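Visitor: Coordinates for the following, if possible.
(chains A and B)
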Protein chains: 2
Amino acid sequence: MLSDIAALDRDDPLAPFRARFDLPPGVIYLDGNSLGALPRGVKARMADVVATQWGEGLIRSWNTHDWIDLPTRVGDRIARLIGAPPGTVTVADSTSINVFKALAAALRLRPGRKVIVSEVGNFPTDTYIAEGVAEMLGQGHQLRLVSADALSSAITGDVAVVLLTEVNYRTGARLDMRAVTAAAHSAGALIVWDLAHSAGALPVNLSEAGADFAVGCGYKYLNGGPGAPAFIYVAPKHLSKVRQPLTGWLGHAVPFSFAPDYVPAPGIAAMRVGTPPILSMSALDAALDAFEGVDLALVKRKADQLFELFTTAIAPLAPEVTVLTPTDPERRGTQASLRHADAYAVMQALIARGVIGDFREPDILRFGLTPLYLSFADVARAAEILGEVIATRAWDQPKFKARAKVV
Amino acid sequence: MLSDIAALDRDDPLAPFRARFDLPPGVIYLDGNSLGALPRGVKARMADVVATQWGEGLIRSWNTHDWIDLPTRVGDRIARLIGAPPGTVTVADSTSINVFKALAAALRLRPGRKVIVSEVGNFPTDTYIAEGVAEMLGQGHQLRLVSADALSSAITGDVAVVLLTEVNYRTGARLDMRAVTAAAHSAGALIVWDLAHSAGALPVNLSEAGADFAVGCGYKYLNGGPGAPAFIYVAPKHLSKVRQPLTGWLGHAVPFSFAPDYVPAPGIAAMRVGTPPILSMSALDAALDAFEGVDLALVKRKADQLFELFTTAIAPLAPEVTVLTPTDPERRGTQASLRHADAYAVMQALIARGVIGDFREPDILRFGLTPLYLSFADVARAAEILGEVIATRAWDQPKFKARAKVV
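Guide: Numbers count the residues shown, from 1 in each chain, chains lettered A, B, ... in the order given. All right, here's what the predicted structure looks like:
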């Protein structure tokens, strides 16, 4: 078994990419689905942005370092990872705020319809924001939450927009983007895809799927740093007529005219709002260097192998530990979610041993399988340590049960 | 005259604060009203946040470095600079997005009223966002734009909320926050103050003025770096009932319960939306160290002296160059705005000589007077160079007339 694992690592075409990341010693990091590891180029880039671009260039850097177009420049780099053409993605704000823009924009494009459909297990910020949009519009607008199984029957002729996350944050289950998009369209609805657990993790092709809008996160699989700015995609067919209500000055057609009335910029720039956070956005830009030359099909394939290795290794822990994530590779993303009655304490015990995943209510152990910086040996060792923690009940201590502020 | 200036610098109680900033040699920086200079502690803080907190701490830093409460911790530091009690300010998003939250929240608190009043010369993002809010609500909501002189007659019984910037970005004129707030309240309206050109520049006392909401910018006088996150204030009397429509997960009462329905957090945390940009916000936090022990009354007094010195020195350039900013110190902020028919080219010629201010349409030269890092000698020298540029028509060259993307 150990020699098999050594062979897997030796033959792994993605093994060289690990050198693109700085990882602390003594840690097996299985939480890249929550906060991506630090790409090697970020330190130098941040030092340069702070000391040279800001400190020395000062206000001039808006032109000399082209800060002003950083959002669309970084957007174009992300576009290549999610099957979107250039000029359809911009980096801006947070995922939550981009969901707000996308939903409000979609509702404007379907003026007679007042229903937003989402999945009851969707990441809460998506459904919270949908509530906020519906309540602000307030003319009978409503959010219809259904289980993933009931989606097709819920997408009826009164639905304006469907809001879904491709890969579920708790279970790791993956929706069929192409089929669900087609179902939305055949009901006359638009669709907004949240790619928080997809972008940088697996191949996404928004164009082929016919998605109308997409949003996503910069700090998970894209490794842009804590709270990195998010992104938003608008399909080319909507770009010329799309309007969103967060009409800030940098979404204006001619921001530096300081004209009294808002006129939306042509194209994706209309999704911009305020002055972009150059420091955080530069970190994301530098982080994307880690994806140069990466084949996301290989990334997903290795993630599937890691999943297989991990779940096979921990299978003997059943029924105390069970696998929640679908076993069919087509129906999952790149995380492994396990269940254990005392998942929080188990995870703290793992973290104390250098195996970092996270916990999700009520009983879920989440392990992000990020092939660019994880080896087969890492994942095998993590499974082994989980086995020891379970076998010895090492988690059954008060210090592992006390909840921290952030879980 | 020169000896007088030397004496002013020698006796300046704020002179030691210049050592808190890194400024490039050969530059007189008069654009701190657009992008504040780099405070000395930011480089080390950013290096630590990237390499240690993110790179080594990884996901654990949400707890171990208390990233989760950084927005309210930095908010409390800003609160001290704007006369707000602890727990009433949070750092979040951009100024534009905070205007959206504040206006939408204010309109909910005045349900029978549908008018937003603002000043026609307000910074465009404020009025653009007000348009966006009114259009999204769409039940006869409207934005009423009037000149500053007409404000009191425009604030009538149908007005829900007044949105004003205390110090005008073009002219530097300052509104009487206390009087205008009282006028709004006596008409039954609420008021939102934009402190973009006030916070960190002069004494502000939101509590004494009775302001309902305030927003402001992290990257101008607060020196938080390009596109630094903004802040929002909600008066204590509104905190228990305020609701805003950008209902993201970090504004939830218990975000890590991942509960299906949105329940706003108690207090100012309900103004949070998505995951905070830790890198940019840490830079702002470090930048605020430069304000420790600073008396903003002294800052405004020195800014007034610098204004007097500067405008006296350039008075002989009239009528080619005239002063737009009010001469009464009570009626202005801390910038000097001049007019010149070819202001854009004049500013480019100044920048080429190391005097960095900026241009605003159609004919305005803006000079930010930031007492923490400017000496009297700096400002005297800037006036002298402006005199030379005007006297020799040095600006009258094609290279100075070609507009850059960002002006």
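Visitor: quick one, strands of the stretch 1-150 of chain A?
Guide: Applying DSSP state E, counting those that start in this stretch to the stretch 1-150 of chain A gives strands spanning A:21-22, A:28-29, A:38-39, A:89-91, A:115-119, A:142-146.
Visitor: so which of those strands comes closest to chain B?
Guide: strand A:38-39 (3.9 Å; C-beta to the nearest C-beta). Where C-beta positions appear, they are placed from N, C-alpha and C, glycine not excepted.
Visitor: How far does the closest one sit from its chain's centre?
Guide: Centroid separation for strand A:38-39 versus its chain: 16 Å, with C-alpha atoms, centre = their mean, to the nearest Å.
Visitor: That one: partners in the sheet, and parallel or antiparallel?
Guide: strand A:21-22 (antiparallel) (DSSP bridges).
Visitor: Residues contacting the partner strand, please?
Guide: Strand A:21-22 is contacted from outside by A:37-40, A:43, A:223, A:290, A:372-373, B:51, B:55, using C-beta atoms under 8 Å, 6 or more residues apart in numbering or on different chains.
Visitor: Mind pulling up the pLDDT for the closest residue to chain B within the stretch 301-407 of chain A?
Guide: In the stretch 301-407 of chain A, the residue that lies nearest chain B is A:Val406 (3.9 Å; C-beta to the nearest C-beta). What the model reports as pLDDT for A:Val406 is 94.
Visitor: Please identify the most buried of the strands of the stretch 1-150 of chain A.
Guide: Neighbour counts (mean count of other C-beta atoms under 10 Å in any protein chain shown) averaged over each of the strands of the stretch 1-150 of chain A peak at strand A:89-91, with a mean of 31.
Visitor: Can stretch A:246-263 be said to contact chain B?
Guide: Yes - judged by C-beta under 8 Å from any C-beta of the partner chain, stretch A:246-263 and chain B are in contact via A:246-250, A:252, A:255-262.
Visitor: picking up where we left off before, just tell me which of the strands of the stretch 1-150 of chain A ends up closest to A:Gly368.
Guide: Nearest to A:Gly368 among these is strand A:28-29 (8.2 Å), distances taken as C-beta to C-beta.
Visitor: and the closest one, what does it pack onto?
Guide: Contacts defined by 3 or more C-beta pairs under 8 Å, 6 or more residues apart in numbering or on different chains; DSSP states H and E place strand A:28-29 against strand A:355-356, helix A:376-391.
Visitor: Show me what counts as buried in the last one.
Guide: Spelled out, that is helix A:376-391. A:376, A:378-383, A:385-386, A:389-390 (16 or more other C-beta atoms under 10 Å in any protein chain shown).
Visitor: For the residue nearest to A:Pro24 when sequence neighbours are not counted, give its distance to A:Leu23.
Guide: Excluding the flanking residues, the one nearest A:Pro24 by C-beta to C-beta, 6 or more residues apart in numbering or on different chains is B:Glu56, at 4.4 Å. According to C-beta to C-beta, to the nearest Å, B:Glu56 and A:Leu23 sit 9 Å apart.
Visitor: sorry, back to before: tell me the spacing between the residue nearest to A:Pro24 and A:Gly387.
Guide: 27 Å.
Visitor: for the helix or strand where A:Ile314 lies, what is the average pLDDT?
Guide: Using DSSP states H and E, the element containing A:Ile314 is helix A:296-314. Averaged over helix A:296-314, pLDDT sits at 98.
Visitor: That helix vs helix A:376-391, what angle?
Guide: Inter-element angle recorded for helix A:296-314 and helix A:376-391: 30 degrees (by axes from the mean of the first three to the mean of the last three C-alpha atoms, to 10 degrees).
Visitor: buried set for helix A:296-314?
Guide: A:296, A:298-307, A:309-311, A:313-314.
Visitor: Could you do stretch A:64-78 as well?
Guide: Per 16+ other C-beta under 10 Å, stretch A:64-78 contains these buried residues: A:65, A:67-72, A:74-78.
Visitor: Among the residues you listed, which one sits closest to chain B?
Guide: A:Ile68 (5.0 Å).
Visitor: do you know how far that closest one is from A:Ser61?
Guide: With C-beta to C-beta as the criterion, A:Ile68 and A:Ser61 are 10 Å apart.
Visitor: Let me know whether A:Gly274 touches B:Thr125 as I believe.
Guide: Yes - A:Gly274 lies in contact with B:Thr125 (C-beta atoms under 8 Å); the separation is 6.6 Å.
Visitor: what does the stretch 101-250 of chain A put close to chain B?
Guide: So far as C-beta under 8 Å from any C-beta goes, the stretch 101-250 of chain A lies against chain B at A:104, A:120, A:123-125, A:127-129, A:131-133, A:135-139, A:145, A:170, A:219, A:225-230, A:245-250.
Visitor: Which of those residues are buried? Put it as a PyMOL command.
Guide: Here is the PyMOL selection string for the buried members of those, based on 16+ other C-beta under 10 Å:
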select buried, chain A and resi 104+123+124+125+127+128+129+131+132+133+135+136+137+145+170+219+225+226+227+228+229+230+245+246+247+248+249+250
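Visitor: just checking, which of the residues of the stretch 101-250 of chain A next to chain B belong to helices?
Guide: Secondary structure from DSSP state H places A:104, A:124-125, A:127-129, A:131-133, A:135-137 of these in helices.
Visitor: Taking those together, which two end up most distant?
Guide: For these, and using C-beta to C-beta, no pair is farther apart than A:Pro124 and A:Leu137, which are 20.2 Å apart.
Visitor: Between B:Glu56 and A:Leu23, tell me which one has more neighbours.
Guide: More neighbours surround A:Leu23 than the other of B:Glu56 and A:Leu23, with 18 against 15 (other C-beta atoms under 10 Å in any protein chain shown).
Visitor: Give the closest residue to that one in space, chain neighbours not counted.
Guide: A:Ala37 (5.6 Å).
Visitor: Settle this for me: the one you found is touching A:Leu374, isn't it.
Guide: No - between A:Ala37 and A:Leu374 there is no contact under C-beta under 8 Å: 9.4 Å.
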